[in-house]
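A.B. asks: structure for the following, please:
(3 chains)
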Amino acid sequence: MTGLKLTDVSYSVDGTPLLHGISFAQKNEGINAILGPNGAGKSLLLSLIHGVIKPDMGLVTWDSIVAHKNKYTRGFVFQTPIVLRRSVRANLAYPLKITGQNNSAAIDDMLELSHLSALADQPAASLSGGEAQRMAIARALITKPAVLLLDEPCSNLDPASTKLIETMINTFVADGGNVYISTHDLAQAKRLANVVLFIEAGHLREHEPAESFFSNPVTPQAQAYLNGDL
Amino acid sequence: MRIVFALAMLMFASIAQAGERFITLASTTSTQNSGLYDYLLPIFSAETGIEVRVVAVGTGQAIKIAQNGDADVLLVHHRPSEDTFVELGYGIERRDVMYNDFVIIGPQSDPAKVSNQNKASDGFAAIADSTALFISRGDESGTHKREKELWALSGIQPQDEWYREIGAGMGAALNMAASVDAYTLSDRGTWLSFGNKGNLALLLSGDDTLFNPYGIILVNPARHPHVKIDMARRFSDWIISDAAQKAIGAFTVHNMQLFCPNAHPTQGADVICPSSKPHD
Amino acid sequence: MTILGQAAELVLSADAELIGIVGLSLRVSLTATLIASLFAVPLGAALAIWQFPLRQILIVISTSLMALPPVVVGLIIYLLLSRAGPLGHYGILFTPTAMIIAQSVLIFPIVLALTREAILPLNRDYKNLLDAWDVNPVQRLKTLIWDARFAVVTGLLAGFGRALAEVGAVIIVGGNIAGFTRVMTTTIALETSKGNLQLALALGIVLLSIAVLINALIHWIGSFGRKYQVTR
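C.D. replies: Purely as a prediction, here's the structure:
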């Protein structure tokens, strides 16, 4: 089975277990939303899926390759955008530079996609939250990864920015990309998700198509969560 | 990368100068500060094309530098140390060059009445009796060693509060003496050209025990094969030559002669030396 | 004549000897700063970025070395470069090269510590992003040093200032030879020892003015660069 596979993955910090024996397999398609209450372990799971951190026990593989060995093939977007102290254009150029590529056409395309062409030569530090996040997504996409991971990308943004960002995500998926996104925003999850992974207290409680999760959650924890009780 | 290359050029530019014709002379700050070298050495360089690089430090440090082979020739003014230097095999061909003298300096008001004395050791005794402030260089320089010898002559071991050992050069000692109105022992050259005399005055001079002879010694090539013995010997030969000796005698500060050439003592009659007598 | 007046006269007279002395001061201290930085900047950045064994010890040692008395450094270098010492056969003692070496050693800990201070906050910001891209160590160093360059240059200037102002090291390894290894600070020391206090102070003012000019120049270059944002 091609795609992402987690086998019995556990992770602890300072002796405290945060993720317990998570296993699932997922084909490379569409948008996978990771949902769950605060502290459930969503960000941790995203980082493990990306490969930037390694599990204490168990295995994370992409198409049978251990995740941390080819992490640079997957884009990551943080909740608060990390901005290089350079111009917007230079930020977008950076991932190309470090892989030895030089593609100004791609940079211009990304500037258009993120609606930042007018701000291309501004210092990136002067961007608003929404603009910076769009830049971060464009920057993550410029090396044409197959997978994009986003950790609550719109939690601090206004509806207009959120809409623009969701458009960028949908465009990426339409071009064949695979997305893993964690979010608190149930409305956003309903808009975007094809598949839902529900985490609670470090356990994977549910893993099913989105419509079925929202209409008919199986576990009591999921039900409580959707009711706003968790 | 270009920056690194430019850096290398900067550094090697100075190493390249090492190939020029020069010798290194280790001498004392008092000799340098008198201005003698600025006046005398260009004459030698013009004649021979040899540059003389003077490293002027305290007597002890100058001897150490010569001992290490970091100089080609040594010119200092403390006979016992010079003799030891030659005896231990570090130097060869020691020659007399010139002499000047030490003077006792103190406040014009002269509370210890030093100027009433004729002998330097009596002057020191007077200072000890009055417990007037005395600044000692305390740095094992030629001046400091002479000062200790004078205390020994006076039979006094100075150790109370009025005796201040500062561990520094002649200039620093005079600066301090000027600022606290203290007595001190100085070489005449530094005193004459000193720019910060304040209330100080020359109170005692001319005593035999204040005689200060200078000697030139070549660093022994048997010990340090790399020394430029030929050029160094040429300098030594030159400095005892009639022309150089005459030039030394002609050197004045504030119209006063500072040094008396004595490489050839029998010819000393030609040169008038104030307040010092020729010695063997 | 007032001291300021004497200082002005020194500058305006364009005395050849003074120009030589100023030129040598700048050459020695600038070269020493560049050489020290070549090693101290990457090393300081590495200290900020990575955990490695002995890191804490290195940090304590380097911060303490900032208080190293120049005369001690000079003495150690003298013992190394003396003919009686291990590196004597190069004949570097009592040359400007020896002075450059001594000053490089002297300012290395300063640039090291200040570079580390400059890189630490930036590394905290960038770490997650650079980790996600799996940036290799050399790229990480280059990225952080470049983006923190204004703070790093401030560290370089501090090192340069320390070099320009010190006298203890250069006087021992250089020998204060007239016309060859005499710099501004050793000249001031010399004139002071001759009791020519006014001249010494006037020279001090000249030295200070040069330091101010250089700092102003670097500052101007910096704000110029910030204005026309370099988009690398």
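A.B. asks: if I look at whichever residue of the stretch 151-280 of chain B sits closest to chain C, how far off is C:Thr192?
C.D. replies: Closest contact between the stretch 151-280 of chain B and chain C, by Cβ to the nearest Cβ, is at B:Gly171 (2.9 Å). Just so you know, the C-beta spots here come from the backbone N, C-alpha and C atoms, and that holds for glycine as well. When Cβ to Cβ, to the nearest Å is the yardstick, B:Gly171 and C:Thr192 sit 7 Å from each other.
A.B. asks: I'd like the next helix or strand past the one helix or strand the residue of the stretch 151-280 of chain B closest to chain C maps to.
C.D. replies: B:Gly171 belongs to helix B:170-180 when elements are defined using DSSP states H and E. Following the chain from helix B:170-180 toward its C-terminal end, the next helix or strand by DSSP H and E is strand B:183-187.
A.B. asks: mean confidence for that following strand?
C.D. replies: Strand B:183-187 comes out with an average pLDDT of 94.
A.B. asks: which strands or helices does it pack on?
C.D. replies: strand B:91-107, strand B:134-136, helix B:142-154, helix B:170-180 (3 or more Cβ pairs under 8 Å, 6 or more residues apart in numbering or on different chains; DSSP states H and E).
A.B. asks: what about B:Ala222, neighbour count?
C.D. replies: The local packing of B:Ala222 (other Cβ atoms under 10 Å in any protein chain shown) involves 11 other residues.
A.B. asks: just say helix, strand or coil for it.
C.D. replies: Taken by DSSP: H, G, I helix; E, B strand; the rest coil, the conformation at B:Ala222 corresponds to coil.
A.B. asks: for the residue in chain C that chain B sits nearest to, grab phi and psi.
C.D. replies: Going by Cβ to the nearest Cβ, chain B is nearest to C:Ser193 of chain C, at 2.9 Å. According to degrees, to the nearest 10, the main-chain angles of C:Ser193 amount to phi -70, psi -20.
A.B. asks: number of nearby residues for the closest residue to it other than its chain neighbours?
C.D. replies: Excluding the flanking residues, the one nearest C:Ser193 by Cβ to Cβ, 6 or more residues apart in numbering or on different chains is B:Gly171, at 2.9 Å. Each residue near B:Gly171 was counted by other Cβ under 10 Å, and the total is 24.
A.B. asks: ok so, going back, the residue of chain C closest to chain B contacts B:Ser193, correct?
C.D. replies: No: taking contact to mean Cβ atoms under 8 Å, the distance of 11.2 Å between C:Ser193 and B:Ser193 leaves them out of contact.
A.B. asks: any weak-confidence spans in chain C?
C.D. replies: Along chain C, the parts satisfying pLDDT under 70 run over C:1, C:225-232.
A.B. asks: quick check: longest helix of it.
C.D. replies: helix C:96-132 (DSSP state H).
A.B. asks: what of chain A?
C.D. replies: Chain A, longest helix under DSSP H: helix A:159-174.
A.B. asks: what is the helix holding B:Gly171 packed up against?
C.D. replies: Contacting helix B:170-180 under the criterion 3+ Cβ pairs under 8 Å, 6+ apart are the following elements: helix B:29-33, strand B:91-107, strand B:134-136, strand B:183-187, helix B:188-193, strand B:200-204, helix C:184-193.
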